[in-house]
Structures are given as C-alpha cells and as structure tokens.
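Chemist: Give me the fold of what follows.
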Amino acid sequence: MLQKVADVIGLPVICKNKNKIYGKINDVVFEEKHMKIEGFVILKDDYASGRRFLKFEDISDCGEEAIIIDSEDQLQPLPAKCKRKKDLDESFKKRVFTKRGEEVGFVKDMIFNSYTGKIECIQVSEGLISDILNGTTIIPLLNKTEFSEEIIVINHECMEESYKRGGIRRYWKA
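Modeler: Residues are numbered from 1 along each chain as shown. Presented below is the predicted three-dimensional model:
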C-alpha cells in the first residue's frame, strides 16, 4: 500500500502487547541516498518521556489510521545523527527538473511503500492556483532519479509515467 509521508505525521502508535496507544508519529527519519524511510520519531502521550525512535523494520503494520508495533521494547533512544522531517520539509521545497532542463514544479509530498519504506513517488506542485485548477502531478521515481541539495532531476521515463491528481478543471466541460 502506498501512503503519503504527510499523512503519517500524527498517527497513533499502538503497542499490541499492552493494547494501548504509546504515542504519535512526530517526525520521519529519512535516508535520501537510498530513498527510504529509516523510521519514525514517536512523541509519547505523557510528554515527560520525550521522543523515541522506531525503526521502520520493527513496525508490524503501517495502516492509514495507526502504526502497530509488537512491544514498547522496539522503541529506542533517538539517534544523534538522523534526517528528520525538518530535513524532509527542505526536500518538499526542492524544485524538480527533467534531464532536458524543463522545470516540473516543486516537491509537495513523497509517497512511500508502507511494506518496504521505499519512496516510490513524489507529488509535485506547480503552485497554488495551478494545483486548484489542474491538480498536482504524481511522478514515479524510476531509476536514474538524481537528488542534490537544491533540486531533483528526473528522467523522461518518469514524466511519461506521471499523472495528475485532483484539480477542478476536470469537472468543466469545453
């Protein structure tokens, strides 16, 4: 199942062994080189316990309404060096270009595989008005997608596989 990164923020984390909600997803730990989610930062409900780290591979189920884990023992101290959502926010602002030099827009969200953690697609915006009228563009990340600190460069095959989502213009008849 594919999920947007932005939709996971705020989801409750449920521990199966105690049948209780441990906390909520507060942040995403992202590994850009391999385009994969390493895990999540969990904020416990009582706030006194601080934040904990949950490795992606320790998740039993990553649903649309909640994240399920087997035990609280899977939650670890937060690693000192990790890319967190604030870094993802910077990724969300990156401009997207084709290898032919055409600007596509900027990253609005990333879509990941909830079984593997791999980032499969990016959601690209051309600006607020364009998003309202035409929708955003979903671009699958095929091989040869290049990430730098400022931009993302996609190959032509990615654009051929892209599609629009949303927008009110599709309801207008010519």
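Chemist: Between the two ends of stretch 59-68, what distance do you get?
Modeler: End-to-end distance of stretch 59-68 (C-alpha to C-alpha, to the nearest Å): 6 Å.
Chemist: Show me how the record splits the chain into domains.
Modeler: 2-84, 93-171 (automatic domain parsing).
Chemist: tell me how far the ends of the shortest one are from each other?
Modeler: Right, domain 93-171. Where domain 93-171 begins and where it ends lie 29 Å apart, using C-alpha to C-alpha.
Chemist: Okay, now the unreliable bits of this structure?
Modeler: 45-49, 81-92, 173-174 (pLDDT under 70).
Chemist: residue boundaries of the helices in it?
Modeler: 5-8, 85-92, 128-134, 156-160 (DSSP state H).
Chemist: Which residue lies nearest the spatial centre of the protein?
Modeler: Val5 (2.5 Å; C-alpha atoms, centre = their mean).
Chemist: who touches that one in this structure?
Modeler: For Val5, the contact set (C-beta atoms under 8 Å, 6 or more residues apart in numbering) comprises Val28, Ile37, Leu88, Asp109, Met110, Ile111, Phe112. C-beta here means a position set from N, CA and C on the backbone, and glycine is covered the same way.
Chemist: now do Glu103
Modeler: Arg95, Val96, Phe97.
Chemist: pretty sure the last one contacts Asn155?
Modeler: No. Using C-beta atoms under 8 Å, Phe97 and Asn155 do not qualify as a contacting pair, with a distance of 10.8 Å.
Chemist: what about stretch 125-134, distance to the chain center?
Modeler: Stretch 125-134 sits 20 Å away from the centroid of its parent chain (C-alpha atoms, centre = their mean, to the nearest Å).
Chemist: The closest residue to Cys62 other than its chain neighbours: neighbour count?
Modeler: The shortest distance from Cys62 to any non-neighbouring residue, by C-beta to C-beta, 6 or more residues apart in numbering, is to Ser114 (4.0 Å). When neighbours are counted by other C-beta atoms under 10 Å, Ser114 registers 19.
Chemist: can you check Ile42 too?
Modeler: For Ile42, using other C-beta under 10 Å, the count is 26.
Chemist: which residues does it bridge with?
Modeler: Ile25, Arg52 (DSSP bridges).
Chemist: which residues sit in contact with it?
Modeler: Ile42 sits next to Val13, Tyr22, Gly23, Lys24, Ile25, Asn26, Arg51, Arg52, Phe53, Leu54, Leu75 when contact means C-beta under 8 Å, 6+ apart.
Chemist: quick one on the thing from earlier: for the contacts of Val5, which one is nearest Lys144?
Modeler: Using C-beta to C-beta, Met110 is the member of the contacts of Val5 that lies nearest Lys144, at 17.7 Å.
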